[in-house]
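In: have a look; sequence and predicted model below, questions after that.
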Amino acid sequence: MKKNVLSFAPSREHTLDSQLRFAIANKRLIRFTPESAERVAEPHDYGLRHGTPKVLAYQRQKAGRKDPQVRGWRSLEISKIENCVVLDDTFTGTREAADQRHQRWDVLYTRVDHPT
């Protein structure tokens with residue numbers, strides 16, 4: 001082992017950070033459990049908002065339901081996301097309309113690219 005290098009197990013936050021960055025970069029859906037209801041979503045933006053780490057995601061499913069009432073944009077606190085899994089399923093990219101304004105972020109870590 002090298003001197004002055006500490007080995008450590010990655011924390012939950014580090015693992016979730018890596019998963020979110022990978023999912024956004026590769027336009028992959030995520031499945032996770034906030035507040036005990038499993039959800040499937042498209043992660044679009046990830047960063048700090050009002051000092052809190054958050055992900056802006058388009059929710060596709062909640063507790064197995066896919067109807068219009070459960071679909072839509074969600075701003076999720078990272079600390080409330082549990083059991084995150086990056087799925088093999090992909091999405092096309094941004095859902096941005098020409099006149100749409102993005103949320104303001106203190107720090108934006110990553111954002112989904114426009115479709116190519």
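Out: Everything's here; your move.

In: after the helix or strand of the chain with the lowest mean pLDDT, heading C-terminal, what element do we hit next?
Out: Least confident helix or strand of the chain, by mean pLDDT, DSSP states H and E, is helix 12-25 with a mean of 85. As assigned by DSSP states H and E, the chain's next helix or strand after helix 12-25 is strand 28-33.

In: chain center to that following strand: distance?
Out: Using CA atoms, centre = their mean, to the nearest Å, we find the averaged C-alpha position of strand 28-33 to lie 8 Å away from the chain's own average C-alpha position.

In: before we move on, what about stretch 105-116?
Out: With CA atoms, centre = their mean as the basis, stretch 105-116 stands 11 Å off its chain's centre.

In: give me the contact list for it.
Out: Applying CB atoms under 8 Å, 6 or more residues apart in numbering, the set of residues contacting stretch 105-116 from outside is 20-21, 24-25, 27, 42-51, 92-94, 96, 102. C-betas here are computed from N, CA, C, even on glycine.

In: now the least confident helix or strand of the chain: buried residues?
Out: Of the residues in helix 12-25, those buried by neighbour count under the rule 16 or more other CB atoms under 10 Å are Leu16, Asp17, Gln19, Leu20, Ala23, Ile24.

In: rebuild these as a markdown table, extending it with distance to Asn83.
Out: Listed next are the buried residues of helix 12-25 as a markdown table, based on distance: CB to CB, whole Å:
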| residue | distance to Asn83 |
| --- | --- |
| Leu16 | 10 |
| Asp17 | 15 |
| Gln19 | 11 |
| Leu20 | 14 |
| Ala23 | 14 |
| Ile24 | 18 |
